[in-house]
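Chemist: Okay, predicted coordinates and the sequence, questions at the end:
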Amino acid sequence: QVQLVESGGGLVQPGESLRLSCTASGTIFSITAMGWYRQAPGKQRELVATITSGGYTTSTDSMKGRFTISIDNARNTVFLQLNSLKPEDTAVYYCNAELRRRALDSGSDYWGKGTLVTVSS
């Protein structure tokens, strides 16, 4: 089995920062990419940012400049640095990984259970 465990969420005031982490564990042959999505109350889940094992990143335009994704391939860990947080950033942030469990497997998506980020004064 594969598990993705997120950490780093919490309650912060507007303008403050948080750093989210997500580590993939279990039977993993290789990770193609990892990413972060978020879901605010009453809204659909949306992409925040993704990063390949080679370091290529994509992100939602509205979050560029404030959020930065990075990856530690040796530890199967992806990070999301959240700066200048706004109340509208309040959401559950989910980690995603596209990986292969065995050499001959095709890639599959796995999800963490999410970590809550609340931005409020």
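Modeler: Yep, that arrived.
Chemist: Show me what the lowest-mean-pLDDT helix or strand in the chain pairs with in its sheet, parallel or antiparallel.
Modeler: Here the helix or strand of the chain ranked lowest by mean pLDDT, DSSP states H and E is strand 57-59, holding a mean of 93. Strand 57-59 pairs in its sheet with strand 46-52 (antiparallel), by DSSP bridges.
Chemist: Which positions in the partner strand come out as buried?
Modeler: The neighbour-count check on strand 46-52 (16 or more other Cβ atoms under 10 Å) flags 48, 49, 50, 51, 52 as buried. In this view, the C-beta of every residue, glycine as well, is placed from N, C-alpha and C.
Chemist: Centre of the chain to the least confident helix or strand of the chain, how far?
Modeler: In terms of Cα atoms, centre = their mean, to the nearest Å, the centre of strand 57-59 is found 11 Å from the chain centre.
Chemist: one step back: pick out whichever of the buried residues of strand 46-52 sits closest to residue 94.
Modeler: residue 48 (9.0 Å; Cβ to Cβ).
Chemist: Verify the stated contact: that closest one with residue 39.
Modeler: No: contact criterion Cβ atoms under 8 Å: residue 48 and residue 39 do not qualify, at 10.4 Å.
Chemist: Which strand or helix spans the residue located most distally from the centre of the chain?
Modeler: Distance from the centre of the chain peaks at residue 104, with 26.2 Å (Cα atoms, centre = their mean). Per DSSP states H and E, residue 104 falls between elements, in no helix or strand.
Chemist: about what we covered before: closest to residue 89 among the buried residues of strand 46-52?
Modeler: When those are ranked by distance to residue 89 (Cβ to Cβ), residue 48 comes first, at 9.5 Å.
Chemist: Apart from its neighbours in sequence, what residue is nearest the closest one?
Modeler: Sequence neighbours aside, residue 36 is the residue nearest to residue 48 in space, at 4.2 Å (criterion: Cβ to Cβ, 6 or more residues apart in numbering).
Chemist: from the chain's centre, how far out does the helix or strand containing that neighbour sit?
Modeler: Element membership of residue 36 [criterion: DSSP H and E] is strand 30-39. Counting by Cα atoms, centre = their mean, strand 30-39 is centred 6 Å from the centre of its parent chain.
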